[in-house]
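S.K.: Here you go, sequence then predicted model.
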Amino acid sequence: MACAIARAIHDGERVGIGVNSPIPAAGVLLAQRSHAPRLRFRLPGVDGAVPFVGSKEFFDFAQRGKLDVFFLSGVQIDLHGSINLHLLGDYDRPRRRFPGAFGSAVLYPLVPRVILFRTKHTPRVFVPRVDFVTASGSPDRVVTPLAVLGFDRTAARLVLDSYHPGQSVETVQAATGFELPTRSDVCETPEPTAEELRILRSEVYPMLAGAYPRYVDRMRSAARLPAD
Amino acid sequence: MLMALQAGASGVSFTPVPGLLGSDLLRWRPDFRVLDDPYRPGEKIVLVPAIRPDFALLHGRRADLAGNVVIGTSYDDRLVAQASRRVIYSVGSVREDATASLTAEEQVLPAAFVDALVLVHG
């Protein structure tokens, strides 16, 4: 997922990474250390740069159109790319409640390229219509453990761009709760290269270990790497 | 919410907020109004009421004897303090030279914004 995100980032872009976003953080740092050395980004708790003064300054920056890329996720994501960070069930009698929008309703329609990410790809996550539209916009793409979904702006709906190694058009469709048209050039997502994995393991994970220890532990044990 | 706090801090009753269109927040918050933007013909703009908390409980790093508080820059505590009717700050220490040297991640909130200081130990 981090590699799929890194490849979506262009050199020189201004990128914002929110809280609780280890995979976008890894992807952006990988991009910066490979094809996008002139990236400018805000990565709270990690980047070591002089911080913005509060979230207000960051939101104002984005609202003025200065931010190129931002990352969002959702408990549910629907066919139209709307995200739900509020609740499951009926608004007046929800089954579950979640923390809420935290600015996503402002940023999603305003930031030119919003990349959605979700670590679970199931029909309960990818639903025809979210129970509550926290924010809507036109996502640049959606990155999951199974696939990269694109967005058809004319039809205003998600489509299948590429399926990860080990998956197929059929398995991704079976994990999605709505009909997922395929792009004409749909293909397998290219495997992470040896160089991408080297940068992630030797440079990116050590940088993220402070802010995201559990993510880094999980990635290292998956790769059978020793902890720090 | 940050813009609504800014409105509270600026003493106006509402603020325009960009974005938001398409969110169900507009369905469930009748006090959020959608208007034709008077300065951008053809575009809509959302208005939300200002937030003025009755009081704010905030924690700063240290304070000087005049009540000026050294706070971090990463959160929006300054804005919360400016928007709130009463502001109570807890600090780890009070000393004369508290504001004498600051790191890049520190700023000073003038005592004028602070109604009460609480010294906490440990």
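M.R.: Happy to help now that I have it. Predicted model only: the values in this text are computed from it and were never measured.
S.K.: CA atoms for contacts and neighbours, from now on please.
M.R.: Fine.
S.K.: does B:Ala112 count as helix, strand or coil?
M.R.: Following DSSP: H, G, I helix; E, B strand; the rest coil, B:Ala112 is assigned to helix.
S.K.: give me the number of residues near it?
M.R.: Using other C-alpha atoms under 10 Å in any protein chain shown as the criterion, B:Ala112 is surrounded by 10 other residues.
S.K.: cool, B:Ile45 as well?
M.R.: Counted with other C-alpha under 10 Å, residues neighbouring B:Ile45 total 17.
S.K.: A strand includes it, no?
M.R.: Yes: going by three-state DSSP, the assignment for B:Ile45 places it inside a strand.
S.K.: Show the contacting residues for it.
M.R.: Under the criterion of C-alpha atoms under 8 Å, 6 or more residues apart in numbering or on different chains, the neighbours of B:Ile45 are B:16-19, B:34-37.
S.K.: Swap in 10 Å and give it another go.
M.R.: Neighbouring residues of B:Ile45 by C-alpha atoms under 10 Å, 6 or more residues apart in numbering or on different chains: B:16-21, B:33-38.
S.K.: of those, closest to A:Asp140?
M.R.: Distance ranking of the contacts of B:Ile45 against A:Asp140, using C-alpha to C-alpha, places B:Gly19 first at 17.1 Å.
S.K.: For A:Leu107, see how far away that closest one is.
M.R.: The span separating B:Gly19 from A:Leu107 equals 7 Å under the rule C-alpha to C-alpha, to the nearest Å.
S.K.: Need the residues touching each of these two.
M.R.: Common neighbours of B:Gly19 and A:Leu107 are listed as A:63, A:135-137 (criterion: C-alpha under 10 Å, 6+ apart).
S.K.: all strands for chain A, in order.
M.R.: Counting by DSSP state E, chain A has strands at residues A:14-16, A:40-42, A:69-72, A:76-78, A:83-84, A:87-89, A:94-97, A:113-117, A:126-127, A:141-143, A:147-152, A:157-163, A:182-188.
S.K.: wouldn't A:Leu116 be in contact with A:Asp78 here?
M.R.: No: between A:Leu116 and A:Asp78 there is no contact under C-alpha atoms under 10 Å: 11.5 Å.
S.K.: And what about B:Gln107, helix, strand or coil?
M.R.: Using three-state DSSP as the criterion, the local structure at B:Gln107 reads strand.
S.K.: Any idea how many residues pack against it?
M.R.: When counting by other C-alpha under 10 Å, one arrives at 17 neighbours for B:Gln107.
S.K.: Find me the pLDDT at it, would you?
M.R.: B:Gln107 carries a pLDDT score of 92 in this model.
S.K.: If anything else comes up later, I'll come back, but that's it for now.
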